[in-house]
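Fold the following and give me the result.
(2 chains)
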Amino acid sequence: MAMRKFINDPKNLVNELLQGFALAQAKKVKLAGTNLVVRAKPKSQDKVAVVTLGGSGHEPALSGFVGDGMLDISVPGEIFAAPGPPRVIEALRAANRDAGVLFIVLNHAGDVMSADVAMEMAAKEGLKVRRVLSHEDISAGSRENPEDRRGLVGALLVMKVAGAAAEQGRSLEECAAIAERMERNMATLAVAVSSASHPSTGEPISDVPDGRMVVGMGQHGEAGGGEQPLKSANETAEIMLPLLLKDLDIKKGEQVMVMLNGVGSTTLMELYLVLRRVKGLLEERGVTLARSLVGEYLTVQEMGGFQMCVARMDDELIQLWDAPCDTPALTVK
Amino acid sequence: MSQLAYGDVLNMLRGAAAEVRANHTTLSKLDSVGGDGDHGTTMLRCMEAIEKAVVEAGDTGLVVLLDKAGWAVMGVDGGATGPLFGSFFIGMAQAASPHGTLDAPALAAMFEQGLAAVRRRTKAQPGDKPMIDALEPAVEAAKRAAEAGATPLDVLDAAAKAAETGALATRAMQARFGRAKNIGQKSIGAEDPGAASVAYLFKGFYEGAKTNA
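Numbers count the residues shown, from 1 in each chain, chains lettered A, B, ... in the order given. Take a look at the predicted model:
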């Protein structure tokens, strides 16, 4: 397949990407150490630090959430591949403080393995780190087998509410409890209509036939759901939303937040159509749409499709979501 | 040759790097079935890290050499590949003698510790179709050969052959671990790229050790 991307030497891709990102967002982030993304102005040492890791090629995630009110450090890996443990432990050391470090890990094999090695070293060195796993993809495993559930865009919610709690000066235990509560109460489903190509190889990373869609596509074209004819925006919302509400056992009278995350080539226009139908479906069930977020937050290059994340919200989680943040990819005032 | 000298182990590592370099495009092609198609590139970066460690290690002895090689591989930002293969070398370092040479039982024991270290990183079992399906038979074959009184070179030959057989056997399996498990049935018929990498690694160990024999 012909390369259709403006890149230079694939070997330098992540380096160049990070340099450009830091230039574009110089007021909010900078590079430190071995390609760690840190806040331009660090938060005070008496507050819990929030750290994450993850592959590149998903911009603006995850480094786009470094900044006031959210992350302190992100450890970007290679394209679609987790960073190795040495840079992860470097980040944990840099973040370490008496208040502690909350370490948010999306459930993907490489990320978890790197995080595990880094956590073992952190324990040996006496660092104060709590790990929270974000894994809410309902296509990849049942609630009884959470280890099989991959981490998708819901991690953004976890980072937002935990980051806000940290900013308020709450303890590491409280921040971790809030992160875990958010994590337990969210569910995500992805739908894909077209593949992305790997930036380094130019080869497609998955295969979606023309005129079809795959529900439960995961993040990188890992299948796991049903392939079916492409449906309308309304029909797609009608397929996806009930599965998410059922997984969370959302009942009449509850309030939810819905996030629609475009993964690359699906337009905002389409996402707005979907949100409109989601709102109607929730109303029919007597469920309140307390907050929504529509945009591109965790992409997979030019893949076509989106991730729908539903989260059960309580008053505290809403208050933490509404708390101010100022990051390259998300600003709440 | 009844003993491997330090220089022979350096050659084993160089041989592994050469073997992976010669086959990295094949590894990437295998990975495109269930993964991103970049496993070969990642393995090549792992091997370049090992070559650098070999140069930097100088005469520091087996323990430091293998530990450095393992951490160099860990440092490659390539998903699970770095931690898994890095753990193998770090595990071997833990069983290596700080001085002197390696006889066949010591070599087999080193591989066993490497396998144990990989096991601590993954819950995958043989038959789940990850790298362990090549690594475990290779280590078992090394152990059997050493117990039967083989030379270190014959131990490496037996391990290389068993790794290749193990890697080829993954074709018939459905992936239950790693990224490829998400494609389920579609993974049947394709060789697991991680297992194939293990086979190249052991073939390279053997070819490398032979160069001085």
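
hey, let's count contacts and neighbours off CA atoms from now on
OK.

and the spatially closest residue to A:Arg143 that is not a sequence neighbour, how far is that from chain B?
Nearest residue to A:Arg143, sequence neighbours excluded (CA to CA, 6 or more residues apart in numbering or on different chains): A:Asp247, at 7.6 Å. In this structure, A:Asp247 and chain B are separated by 20 Å, where distance is defined by CA to the nearest CA, to the nearest Å.

Count the residues that sit near A:Asp247.
17 (other CA atoms under 10 Å in any protein chain shown).

which outside residues touch the strand or helix carrying it?
Counting by DSSP states H and E, the element that carries A:Asp247 is helix A:233-248. Residues outside helix A:233-248 that contact it (CA atoms under 8 Å, 6 or more residues apart in numbering or on different chains) are A:138, A:143, A:185-189, A:215, A:270, A:273-275, A:277-278, A:281, A:308-310, A:312.

quick check: mean pLDDT across it?
Confidence for helix A:233-248, expressed as mean pLDDT, is 95.

Using CSV, write down the CA coordinates of that helix.
Provided in CSV are the C-alpha atoms of helix A:233-248 (Å, rounded to 0.1, in the frame of the first residue of the first chain):
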residue,chain,number,x,y,z
ALA,A,233,-25.8,7.4,12.7
ASN,A,234,-29.1,6.8,14.5
GLU,A,235,-29.0,3.1,14.0
THR,A,236,-25.4,2.9,15.1
ALA,A,237,-26.2,4.7,18.3
GLU,A,238,-29.2,2.4,18.8
ILE,A,239,-26.8,-0.7,18.5
MET,A,240,-24.1,0.7,20.7
LEU,A,241,-25.7,2.6,23.5
PRO,A,242,-27.9,-0.2,24.9
LEU,A,243,-24.9,-2.5,25.1
LEU,A,244,-23.0,0.0,27.2
LEU,A,245,-26.0,0.8,29.5
LYS,A,246,-26.6,-2.9,30.0
ASP,A,247,-22.9,-3.5,30.9
LEU,A,248,-23.1,-0.7,33.5
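
List the buried residues for that helix?
Buried residues in helix A:233-248, counting neighbours by 16 or more other CA atoms under 10 Å in any protein chain shown, are found at A:Ala233, A:Asn234, A:Thr236, A:Ala237, A:Met240, A:Leu241, A:Pro242, A:Leu243, A:Leu244, A:Leu245, A:Asp247, A:Leu248.

mind listing what the one helix or strand in chain A whose mean pLDDT sits lowest pairs with, with the direction of each?
Every helix and strand in chain A was compared by mean pLDDT, DSSP states H and E; the lowest is strand A:226-229, with a mean of 86. When sheet partners are counted by DSSP bridges, strand A:226-229 sits next to strand A:212-215 (antiparallel).

So which residues of chain B form helices?
Taking DSSP state H as the criterion, chain B carries its helices at B:6-34, B:39-57, B:62-74, B:81-95, B:104-121, B:132-147, B:152-169, B:193-210.

Would you mind giving the orientation angle of the second one with respect to helix B:6-34?
Using axes from the mean of the first three to the mean of the last three CA atoms, to 10 degrees, the interaxial angle of helix B:39-57 with respect to helix B:6-34 works out to 160 degrees.

Same check on the shortest one?
Angle between the axes of helix B:62-74 and helix B:6-34 is 20 degrees (criterion: the same axes, to 10 degrees).

Quick one: list the elements packing against helix B:62-74.
Judged by 3 or more CA pairs under 8 Å, 6 or more residues apart in numbering or on different chains; DSSP states H and E, the packing partners of helix B:62-74 are helix A:85-95, helix B:39-57, helix B:81-95.

Identify the residues contacting it?
Contacts for helix B:62-74 (CA under 8 Å, 6+ apart): A:84-86, B:6, B:9, B:46-47, B:49-50, B:53-54, B:57, B:82-90, B:92-94, B:96-99.

Filter those residues down to the buried ones.
Neighbour-count burial (16+ other CA under 10 Å) is assigned, among the contacts of helix B:62-74, to A:84-86, B:6, B:9, B:46-47, B:49-50, B:53-54, B:57, B:82-90, B:92-94, B:96-97.

can I get the helices and strands packed on helix B:62-74 in a markdown table with distance to A:Gln228?
Putting the helices and strands packed on helix B:62-74 into a markdown table (distance: least, CA to CA, whole Å) gives the following:
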| stretch | distance to A:Gln228 |
| --- | --- |
| helix A:85-95 | 40 |
| helix B:39-57 | 30 |
| helix B:81-95 | 34 |
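
Which among these is found nearest to A:Ala329?
helix A:85-95 (20.9 Å; CA to CA).

Please say whether there is contact between the following helix or strand past the closest one and chain B.
Moving toward the C-terminus from helix A:85-95, the next helix or strand (DSSP H and E) is strand A:101-106. No. With CA under 8 Å from any CA of the partner chain as the criterion, chain B is not reached by strand A:101-106; the gap is at least 12.4 Å.

Restrict strand A:101-106 to CA atoms and write it as PDB.
Output in PDB follows, covering the C-alpha atoms of strand A:101-106 (Å, rounded to 0.1, in the frame of the first residue of the first chain):
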ATOM      1  CA  VAL A 101       2.300   9.200  42.700                       C
ATOM      2  CA  LEU A 102      -0.900   8.000  41.000                       C
ATOM      3  CA  PHE A 103       0.100   5.900  38.000                       C
ATOM      4  CA  ILE A 104      -2.700   5.400  35.400                       C
ATOM      5  CA  VAL A 105      -2.100   2.400  33.100                       C
ATOM      6  CA  LEU A 106      -4.300   1.500  30.100                       C
END
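
Now do it: which elements does it pack against?
Counting contacts by 3+ CA pairs under 8 Å, 6+ apart, the secondary-structure elements packed against strand A:101-106 are strand A:49-56, helix A:109-124, strand A:129-134, helix A:155-167, helix A:172-184.

quick one: the third one to chain centroid distance?
Right, the one you point to is strand A:129-134. 14 Å (CA atoms, centre = their mean, to the nearest Å).

Check the model's average confidence along that strand for me.
Model confidence over strand A:129-134, given as mean pLDDT, is 98.

and the angle for it with helix A:85-95?
Following the same axes, to 10 degrees, one obtains 120 degrees for the angle between strand A:129-134 and helix A:85-95.

try the longest one
Compare the direction of helix A:109-124 with that of helix A:85-95 by the same axes, to 10 degrees and you get 50 degrees.

So what's the residue count around residue 145?
By default, I'm working from chain A. Other residues within reach of A:Asn145 by the criterion other CA under 10 Å amount to 9.

that's the other chain; I wanted chain B
When neighbours are defined as other CA under 10 Å, B:Ala145 has 22 of them.

residues touching it, list them.
When contacts are counted by CA under 8 Å, 6+ apart, B:Ala145 is found next to B:Asp154, B:Val155, B:Ala158.

most neighbours, which of the residues you listed?
Of all these, B:Val155 has the most neighbours under the rule other CA under 10 Å, reaching 27 neighbours.

on that earlier part again, can you flag which of the contacts of helix A:233-248 belong to strands?
A:Met186, A:Ala187, A:Thr188, A:Leu189, A:Val215, A:Met308, A:Cys309, A:Val310, A:Arg312 (DSSP state E).

got the contact list for the third one?
Contact criterion CA under 8 Å, 6+ apart gives A:Glu136, A:Asp137, A:Ile138, A:Leu152, A:Val153, A:Gly154, A:Leu244, A:Gln307, A:Met308, A:Cys309, A:Val310 as the residues in contact with A:Thr188.

Can you tell me which of these comes closest to B:Gly35?
Minimum separation from B:Gly35 among these (CA to CA) is found for A:Leu152, which lies at 17.1 Å.

now that closest one: how far from B:Trp71?
29 Å (CA to CA, to the nearest Å).
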